[in-house]
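# Fold the stuff below for me.
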Amino acid sequence: MQHTYTVTGMTCNGCKASVEKELKALQQVTNATAHLEAKEVTITMSTHIPLETLQEALSNKYTISNKEEVNVFSSAKKEEEKTDIQQLFPLFLIFIFIIGASVLLNYNPWDSSAFMLDFMGLFYVVFSFFKFLDLKGFPESFKMYDPLAKLIPAYGWVYPFIELALGILFLMRIQIPLALIITVIILGITTVGVTKSLLDKKAIQCACLGTALKLPMTKATFIENSIMLVMAIIMLLKIYN
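Below is the predicted model of the structure:
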């Protein structure tokens, strides 16, 4: 028997592949084909599978429902209709809090170098926290635009740990030159991928805040990485000049 369900939470081809893989893992499922644009999945099963069982097979990022449940579909449609500014509000809010905390830590007396180190440290710690909320789903989203994660899948799994370690180094003022060099390398690689995705006009999910918050890949992502890169380069120049 074959049934088609509505699936929300799919934002890229990586999500499509994950949904298909997770559903095919069920013993009664003989085939599962996800449709990204339609936000649907067609499942061929040997015996009927309760909707609850299908949901349990999927990660928390995805919600599966019967097609006739119009309310779920409507809410997903409304989410699509949000402007980029509305969808990116959580990102902007986090940036404001990180900047505010960094200013408070260094305003009297003002120390621009310490401000940048604290900003980068808090940035890494906060952003790694959101990635840790879904360590399973983050690598799938991250490799959709990061060249290194696409080439070496294991890199996506360790990336949140790298961010957390860098955040601690910056905040504790430990091995700052090394932390700055690593920052330039990893964010430089990611920025190349982000730039290519923007130029190709791909509609994919930004993984900067993991998968807990569904953020579109936009110019804001490029600006976010660029700010960190510029700060890291400025600090390196100050150290070695």
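# And the strands in this protein?
Applying DSSP state E to the chain gives strands spanning 2-8, 29-35, 40-45, 63-66, 205-206, 215-216.
# buried set for the first one?
Think strand 2-8. By 16 or more other Cβ atoms under 10 Å, the buried positions in strand 2-8 come out as Tyr5, Thr6, Val7, Thr8. Yep, even glycine has a C-beta here, placed from its N, CA and C like the rest.
# Now do it and strand 29-35, the angle between them.
50 degrees (axes from the mean of the first three to the mean of the last three Cα atoms, to 10 degrees).
# Now tabulate the strands of the chain in a markdown table and tack on mean pLDDT.
What follows is these, written out as a markdown table (pLDDT from 0 to 100):
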| stretch | mean pLDDT |
| --- | --- |
| strand 2-8 | 88 |
| strand 29-35 | 89 |
| strand 40-45 | 89 |
| strand 63-66 | 88 |
| strand 205-206 | 63 |
| strand 215-216 | 60 |
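# Out of those strands, flag the one nearest Ser113.
Nearest to Ser113, of all the strands of the chain, is strand 205-206, at 29.2 Å by Cβ to Cβ.
# Could you list the domains of the chain?
2-80, 84-240 (automatic domain parsing).
# and these, which one is worst for confidence?
Mean pLDDT is lowest for domain 2-80 among the domains of the chain, at a mean of 80.
# Just say which of the strands of the chain is most tucked in.
Most buried of the strands of the chain, by mean neighbour count (mean count of other Cβ atoms under 10 Å): strand 205-206, with a mean of 24.
# just to revisit the earlier point, and which of the buried residues of strand 2-8 is nearest Tyr107?
Closest approach between those and Tyr107, by Cβ to Cβ: Thr8, at 43.8 Å.
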